[in-house]
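Enquirer: Have a look; sequence and predicted model below, questions after that.
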Amino acid sequence: MRRFGGYIAIMLALLLSACAKREEPLYQQQLLTFGTLVEISIWGADKSLAQHASSQVGADLQQMHNDWHAWHDSPLVRMNRALAAGESVTVPVSILPLVQKSITLSRASEGMFNPAIGRLIKLWGFEQDDLPIGPPPDLKAIDTLTKQRPGMNDLILDGSQLRSTNPAVQLDFGAIAKGYGVDLAIARLRELGVQNAIINAGGNLRAIGKHGDRPWRIGIRNPRGAGVLASIETRGDESILTSGDYERFFEYQGKRYHHIIDPRSGCPATGVISVTVIADDAATADAASTALFVAGPQRWRETAKKLGITQVMLVDDKGRMVATPAMAARLRFEVDPPPKVTVTPL
């Protein structure tokens, strides 16, 4: 199954050395579902409850994956066929909130986050399970698609009825689906009585509560090196998420082509190699990290403001790091010497 999402590079850094010395009420499980590796960590719950909750979350995520998949037979694929034919389609209940959230976030980002560019994703070969090997698509083919300007503003949603004014629209929720799925999974855990947990679906991460008497600690991957660049301690309920150019890419004739496509050019976004954001929910963090990556060094601040994101760390293609004051105050660098960070207000 193809992995959804921006192929985020956040790694869960739970410092559990003490657990080797004494038994602590931490339950952990890994699931291969939702097209990726999902890690569930639950603190302080009865083992039978933790096992049941993890099993339920796994089943929920798998059903979401089946319903939201843009390329295998799914309700979303059938929706896309109807939209391309100019037909009005009833959006299934399982997809409707995702469509609504995506329209809102895409408009707020002024199209920097754009799930309507499924045809461009496929043209580049990033819809496949296996990475493309090159060469990149023909420039004329890219130009043909970008000139049609498919966007979420082309969609008209009336209740549960959806149609498109642009036949080039093909929905692919890869840049938000895992984040939104994590939000629903956290809601499921709470419904079942779990109060302290982390769900990490391929780097789309949301934490609630604490890890005992201390916060959960999250590691942010070094975009051009091994291991963890920095760590952040969570504050209650929040999502920490990174979009980077290093998880899903191919190289051709010495040039890297990654999966985060700029809807304006039809090509991989340039100028940035990593963007980390913190938001209240994983769906917003997922979409925002992609939008800021696409916006690039010149426009990320403007885009962050429009999305209501105040905690951002960005690494540009020269390796320079910038962060908002709210983010800079929380970063704990795990490399020596620590990198220079330019603190930039929005």
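Expert: Okay, I see it.
Enquirer: I'd like the next helix or strand past the worst-scoring helix or strand of the chain on mean pLDDT.
Expert: Counting by mean pLDDT, DSSP states H and E, the chain has its least confident helix or strand at strand 10-12, which shows a mean of 44. Counting by DSSP states H and E, the element after strand 10-12 in chain order, helix or strand, is strand 26-33.
Enquirer: Any regions of the stretch 51-200 of the chain where pLDDT drops low?
Expert: Scanning the stretch 51-200 of the chain for pLDDT under 70 picks out nothing.
Enquirer: all strands in it, in order from the N-terminus.
Expert: 89-90, 155-158, 161-164, 197-201 (DSSP state E, counting those that start in this stretch).
Enquirer: do the same with the stretch 201-346 of the chain
Expert: Going by DSSP E, counting those that start in this stretch, the stretch 201-346 of the chain shows strands at 204-208, 217-221, 228-233, 238-244, 249-252, 255-258, 272-279, 311-316, 321-323, 332-333, 341-343.
Enquirer: tilt between the first one and strand 228-233?
Expert: Here the directions of strand 204-208 and strand 228-233 differ by 30 degrees (axes from the mean of the first three to the mean of the last three Cα atoms, to 10 degrees).
Enquirer: The second one too?
Expert: Relative orientation of strand 217-221 and strand 228-233, computed by the same axes, to 10 degrees: 150 degrees.
Enquirer: For strand 217-221, name the packing helices and strands.
Expert: strand 10-12, strand 228-233, strand 238-244 (3 or more Cβ pairs under 8 Å, 6 or more residues apart in numbering; DSSP states H and E). For every residue, glycine as well, the C-beta is placed using N, CA and C.
Enquirer: so how far is the last one from its chain's centroid?
Expert: The reference is to strand 238-244. Centre-to-centre, strand 238-244 and its host chain are 7 Å apart (Cα atoms, centre = their mean, to the nearest Å).
Enquirer: follow-up on the earlier one: out of the strands of the stretch 51-200 of the chain, which gets nearest to residue 49?
Expert: Smallest distance to residue 49 across these (Cβ to Cβ): 11.3 Å, for strand 197-201.
Enquirer: give the contact list for the nearest residue to residue 298 once chain neighbours are set aside.
Expert: Using Cβ to Cβ, 6 or more residues apart in numbering and skipping the chain neighbours, the partner closest in space to residue 298 is residue 271 (7.7 Å). Counting by Cβ atoms under 8 Å, 6 or more residues apart in numbering, residue 271 makes contact with 296-298, 316-317.
Enquirer: Recalculate using a threshold of 7 Å.
Expert: 296-297, 316-317 (Cβ atoms under 7 Å, 6 or more residues apart in numbering).
Enquirer: So residue 37, which state does it fall into?
Expert: Under DSSP: H, G, I helix; E, B strand; the rest coil, residue 37 falls in the strand class.
Enquirer: most residues in a single helix of this protein, which one?
Expert: helix 282-307 (DSSP state H).
Enquirer: just how off-centre is that one within its chain?
Expert: Here the centre of helix 282-307 is set off from its chain's centre by 12 Å, with Cα atoms, centre = their mean.
Enquirer: need the helices and strands packed on strand 217-221 in TSV with mean neighbour count and distance to residue 284, can you?
Expert: Shown next, in TSV, are those (neighbours: other Cβ atoms under 10 Å; distance: least, Cβ to Cβ, whole Å):
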stretch	mean neighbour count	distance to residue 284
strand 10-12	21	15
strand 228-233	20	17
strand 238-244	28	8
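Enquirer: JSON lines please, covering those and showing distance to residue 68.
Expert: Below are the helices and strands packed on strand 217-221 laid out as JSON lines (distance: least, Cβ to Cβ, whole Å):
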{"stretch": "strand 10-12", "distance to residue 68": "21"}
{"stretch": "strand 228-233", "distance to residue 68": "28"}
{"stretch": "strand 238-244", "distance to residue 68": "18"}
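Enquirer: Out of those, which gets the lowest mean score?
Expert: Note on the helices and strands packed on strand 217-221: lowest mean pLDDT is at strand 10-12, with a mean of 44.
Enquirer: Per-residue pLDDT of residue 34, please?
Expert: At residue 34, the pLDDT value in this model is 82.
Enquirer: Tell me who's in contact with the closest residue to it other than its chain neighbours.
Expert: Once flanking residues are discounted, residue 34 sits nearest to residue 61: 4.1 Å by Cβ to Cβ, 6+ apart. Applying Cβ under 7 Å, 6+ apart to residue 61 gives the contacts 33-34, 38, 181, 185, 201.
Enquirer: Many thanks, have a good one.
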